[in-house]
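Undergrad: A predicted structure for the sequence below; I have some questions about it.
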Amino acid sequence: MRLKNVFLIAIVALFSSQFSTAQEGLPIYSDYLTDNYYLIHPSMAGAANCAKIRITGRQQWFGDDDAPKLVTASVNGRIGDTQSGIGAIVYSDKNGYHSQTGAYFTYAHHLMFSRSTTDLNQLSFGLSAGAIQYKLDETSFLADGFDPIISGIEQSATNFNVDLGFSYFLYNFYAHATVKNLLKNEGVNFNEQGLSYDNLRTYIVSVGNTFQLAGSDWSFEPSAMFMYRDATEESSFDLNVKAYKPMDFGKVWGGLSYRRSLDGAEFVDGSGISSQKLQYITPILGVEVNNFMFAYTYSYQSNSVVFNNGGFHQLTLGYNFNCGKARYSCDCPAIN
């Protein structure tokens, strides 16, 4: 029974880390689907016809002490009538004894290949640079005595890192590719040999297309995202679909996202050994009224072994300003 419990705790820890990994920089959840692609793709800074402010708050496992919490705030927009855009992101991420705060600043450039602004054919490049402060609170680790690898203090470290990416838009189609955390970060995590986990590099690819139903106001946007972590060789993918409907007051939209890990873990189940891969389902609801936006997502982890049956709640508040006319004759909600 004790061995079984050890395996269960290990696999729960593994899958929980998929949601919120300490020292990974800005965590990647499903908030990018709430009109917030700039959070994961720096090339989206200033890509739209409006400047955008987005604030998100995420809470996992209500009722559990020190459950993961994430707050982000971002702003991005064009620099006047130029082809350049700028943006900034600040965030605070807490997960148990670990916490991190960070700030990124972004420059992006957008190249138009269209004969006019009526047809969307745009290639964008973006570079984000920022600082991340990591903290590890070890003040309560030594209740049972001395341990040579535990300092018993609140450790902290500040590192610099950069993200690099590009986006391509052609009418209703889009594709993004980003490399996050290009540089090594030592942070404050060390294993028993005193070696730091310094490779936080993550590769992200997103593709999607929007379709307008003939004779209807409804439009649909299927999309997919693939993510790969270099150090641990973990990979996962998202399959998403969203629907939009214009209203007199603005627009309503909703959708569904499915995330699946391509890496699994084995655990003792009774007299045998079972395995499972991370998978969770996220419904999304959003509304735009004039220049304001509100969205809610709820992620449910559909695995047999989980830390908590509660889900992951996230709210997004947004405001669009300095808006120009919708320049392109396309169903491209991230741009128009």
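TA: On my side now, so go ahead. Residues are numbered from 1 along each chain as shown.
Undergrad: can you list the low-confidence ranges for the stretch 1-150 of the chain?
TA: 1-24, 61-67, 117, 138-150 (pLDDT under 70).
Undergrad: where do the helices sit along it?
TA: For the stretch 1-150 of the chain, the helices defined by DSSP state H, counting those that start in this stretch occupy 2-19.
Undergrad: how about the strands of it, start to end?
TA: 51-60, 69-78, 84-95, 98-112, 121-137 (DSSP state E, counting those that start in this stretch).
Undergrad: out of the ones you listed, the one nearest Lys184 is which?
TA: Set against Lys184 and scored by C-beta to C-beta, these come closest in strand 121-137, at 12.4 Å. C-betas here are computed from N, CA, C, even on glycine.
Undergrad: would you mark the buried spots in the closest one?
TA: Buried residues in strand 121-137, counted by 16 or more other C-beta atoms under 10 Å: 122, 124, 126-130, 132-137.
Undergrad: now swap in stretch 327-336 and tell me
TA: 327-328, 330-336.
Undergrad: determine which two of the buried residues of strand 121-137 are furthest apart.
TA: Gln122 and Asp137 (45.4 Å).
Undergrad: before we move on, back to that, minimum distance to Leu256: which of the strands of the stretch 1-150 of the chain has it?
TA: strand 51-60 (18.2 Å).
Undergrad: alpha carbons of that closest one, as PDB, please.
TA: Extracted in PDB, the C-alpha atoms of strand 51-60 (Å, rounded to 0.1, in the frame of the first residue of the first chain):
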ATOM      1  CA  ALA A  51      -4.000  48.600 -29.200                       C
ATOM      2  CA  LYS A  52      -4.900  46.100 -26.500                       C
ATOM      3  CA  ILE A  53      -4.800  45.800 -22.700                       C
ATOM      4  CA  ARG A  54      -5.300  42.400 -21.200                       C
ATOM      5  CA  ILE A  55      -5.400  41.400 -17.600                       C
ATOM      6  CA  THR A  56      -5.700  37.700 -16.500                       C
ATOM      7  CA  GLY A  57      -6.200  36.000 -13.200                       C
ATOM      8  CA  ARG A  58      -5.900  32.200 -12.800                       C
ATOM      9  CA  GLN A  59      -6.600  30.100  -9.700                       C
ATOM     10  CA  GLN A  60      -6.100  26.300  -9.500                       C
END
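Undergrad: noted, bye for now.
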